[in-house]
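J.: 3D model of this:
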Amino acid sequence: MIGAVGFDLDMTLIDSRPGIRAAYVELTARTGVHVDADLAVSRLGPPLRAELRHWFPAEDVEEAVTAYRGLYPEYAIAPTVPTAGAVEALDAVRAAGLRVVVVTSKLGRLARLHLDHLGMRADELAGDLFAEGKAAALVEHGVRWYVGDHAADMVAARTAGVPGIGVATGPCSEQELRDAGASYVLPDLTAFPDLLGEIAVGSRPSAG
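T.: Model (predicted):
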C-alpha cells in the first residue's frame, strides 16, 4: 500500500465556522433551545453530541443531533472555505507520491459534502471518529503522519504510533498541541509542503 498523510477536517483542512454557526442559529430557531453559536464554533473538534449536551437536556440530545444533521447540508456547506494552505498541502502530498486520507469526527456523508463542494479530493475518508477512536482508521489506511488542529488529534496519532503534525488554526494553541504529543507544530498549513519535503524522504514509491 502506498503510504498516506492523514488530515483532520474541521479547522485543519476547512474553516467550517461560518457554516456551522449558521446551522446552530437555525437549530435554535427550529427547536426554541438557545445554542450560543459563537461559543460552539470556538471549540470545534469533539463530536457533535458533546457540544449539544451543553444546550439540550440529556433526553433531547439525540433528537437535536438528528435535527442539526438535517439542517447541515443546507446551512453549513456553502459558507465553508479551505483553511490557508490546505489546497497546496493536498497537492504536496500527491506530489510526494502519497495518498490523502481524511479522518474526522464529522459524520462521513457530511464531510464528503464539504470535500466535494470545495473540490478537495481524498483517497479515503473515515468519519464519526474522535481522539483514540481515530487510531484504527489511521492504521488501516496506512497513514504515516496525521495532521490536525486539536489536542485529541495528537492523541489519535500517538495511539496509532505515527507522528502528529499540529496546526494552530483551531481551538488549541501551539503549546497545547505540543503538550498533547505533537511531533511538529505549524501555525497553519502554508508551512506544510516544506515540512513534508523534509520528513517524507524515502516515502516516494520507487519506480519499476
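
J.: Name the residues of the helix or strand hosting V65 that come out as buried.
T.: Element membership for V65, per DSSP states H and E: helix 61-75. For helix 61-75, burial by neighbour count (16 or more other C-beta atoms under 10 Å) applies to 61, 64-65, 67-69, 71-72, 75. In short, each C-beta sits where N, CA and C put it, glycine included.

J.: which residues in the protein form helices?
T.: 17-31, 37-41, 48-52, 61-75, 86-95, 108-118, 135-140, 151-160, 174-179, 192-199 (DSSP state H).

J.: Packing partners of the helix holding V65?
T.: helix 17-31, helix 48-52, helix 108-118 (3 or more C-beta pairs under 8 Å, 6 or more residues apart in numbering; DSSP states H and E).

J.: and those helices as TSV, adding mean neighbour count and mean pLDDT?
T.: Converted to TSV, those look like this (neighbours: other C-beta atoms under 10 Å; pLDDT from 0 to 100):
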stretch	mean neighbour count	mean pLDDT
helix 17-31	19	98
helix 48-52	18	96
helix 108-118	17	98
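
J.: Test my guess that M11 contacts V81.
T.: No - counting by C-beta atoms under 8 Å, M11 stays clear of V81, with 11.6 Å between them.

J.: ok, and for stretch 27-44, which residues are buried?
T.: Buried, per 16+ other C-beta under 10 Å, within stretch 27-44: 27, 31, 35, 37, 40-41, 44.

J.: What lies in contact with it?
T.: Applying C-beta atoms under 8 Å, 6 or more residues apart in numbering, the external contacts of stretch 27-44 come out as 10-11, 16-17, 20-22, 24-25, 51-52, 54-56, 60, 64, 67-68, 71, 170-171.

J.: Put the alpha carbons of it into PDB.
T.: The C-alpha trace of stretch 27-44 is given here as PDB (Å, rounded to 0.1, in the frame of the first residue of the first chain):
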ATOM      1  CA  LEU A  27     -31.300  24.800  15.100                       C
ATOM      2  CA  THR A  28     -32.200  27.400  17.800                       C
ATOM      3  CA  ALA A  29     -34.900  28.800  15.600                       C
ATOM      4  CA  ARG A  30     -36.400  25.400  14.900                       C
ATOM      5  CA  THR A  31     -36.200  24.000  18.400                       C
ATOM      6  CA  GLY A  32     -36.500  27.100  20.600                       C
ATOM      7  CA  VAL A  33     -33.500  25.900  22.600                       C
ATOM      8  CA  HIS A  34     -30.700  28.500  22.700                       C
ATOM      9  CA  VAL A  35     -27.400  27.400  21.400                       C
ATOM     10  CA  ASP A  36     -24.600  30.000  21.700                       C
ATOM     11  CA  ALA A  37     -23.400  29.600  18.200                       C
ATOM     12  CA  ASP A  38     -20.300  31.800  18.600                       C
ATOM     13  CA  LEU A  39     -19.200  29.800  21.600                       C
ATOM     14  CA  ALA A  40     -19.900  26.500  19.900                       C
ATOM     15  CA  VAL A  41     -17.800  27.300  16.900                       C
ATOM     16  CA  SER A  42     -14.900  28.500  19.000                       C
ATOM     17  CA  ARG A  43     -14.400  24.900  20.300                       C
ATOM     18  CA  LEU A  44     -14.800  22.700  17.200                       C
END
